[in-house]
Every structure is written in structure tokens, then in C-alpha cells.
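1. give me the fold of what follows.
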Amino acid sequence: MNAKRSDKIATGVLYVLSGIIVLILAFLLAYILIKGLPVIFKDPKFIITASNPLTGGGIAVQLFNSVYLLIVTLIISVPLSLGAGIYLSEYANQKHWLTGVVRSAIEVLSSLPSIVVGLFGMLIFVLQFGLGFSVSIRCLGTDCVQLTIDDSEC
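-> Model (predicted):
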């Protein structure tokens, strides 16, 4: 078998496998939406009321906290990561040892699982500094993850 033919076979196999994975993901998403949306929209108060530990209830607080976390994280991390990425790629002396150390640190931190960085953030911000549990502290932990990911892309 020549190289061109084996390349076409391998490409076809990879396309088929990729298509199967996309179909599985689409099926899972459709299943979740088909089963979940009727339950959420059956009672309109479910979205706008807070949950009660004893009787169940809505998801208003969780939705608000998720949107708040997203917005605050983006407000903090986007300007910082863009500035750091532009500085490292355009203005930093590429031959300086500190630039190499910073780039290596960014690559290492961006490869860590987000749960590890989140637990480390909780240990530092909540336990060590005594700031307590809040959405703002979660934003700081999420920023630590987002900054390294955004900087590694620049």
C-alpha cells in the first residue's frame, strides 16, 4: 500500500470517528434539552424564585450567581490577559531569562485542571487570607484560571 492511499484511509477513519463523537455529543445535548426544558418551563416561577432546602424550588439565585461570576471574571481577566499577552509577545525582551520563566509558568498553570486551581484559590483566599466564602472570591479563583488560559493563547 502506498503512502497516498494509506493517508486517505487514515483521513477517512478520522472523519468517521469525529462524526461519531459529534453525533454522540449532539444526542446528549438534545436529550438533556428535551428532558430538561419542559421541567424548567412547566412552572414559570421556577426560574425567578429562590430554592428552599426543604421544599425545593427555583434556580434564580444560581442563575444570578453564574451570570455575576461570568461578568466579573471577564471584566477582570480580559484586560489583564490581553495586556500581558501583548506585552509578552511584542515588548518583552525575548532573550531575557525572566521572559522565559514567565512563559513557562503560564504554560504550566494553563495545563492544570481548573478544579486544582480552584481548590488552591480556596485555600489561599478563603483559609489563608480569611476572606470567607463569596461569589467575589470565586471570581478571583476563576480569574487565576482564565488569565493563564488567555495568556497562553497570545
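2. what's the first helix or strand after the helix or strand K8 falls within?
-> K8 is part of helix 3-42, with elements assigned from DSSP states H and E. Counting by DSSP H and E, the next helix or strand C-terminal to helix 3-42 is helix 45-48.
3. output that next one as CSV - backbone C-alpha positions only.
-> Taking Å, rounded to 0.1, in the frame of the first residue of the first chain, the C-alpha atoms of helix 45-48 are listed here in CSV:
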residue,chain,number,x,y,z
LYS,A,45,-41.8,30.6,38.9
PHE,A,46,-39.1,28.0,38.9
ILE,A,47,-36.7,30.4,37.1
ILE,A,48,-37.5,33.5,39.1
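4. in it, what counts as buried?
-> When neighbours are counted by 16 or more other Cβ atoms under 10 Å, the buried residues of helix 45-48 are found to be F46. In short, each C-beta sits where N, CA and C put it, glycine included.
5. following it, which helix or strand shows up next?
-> Proceeding C-terminally, helix 45-48 gives way to strand 51-52 as the next helix or strand, assigned by DSSP H and E.
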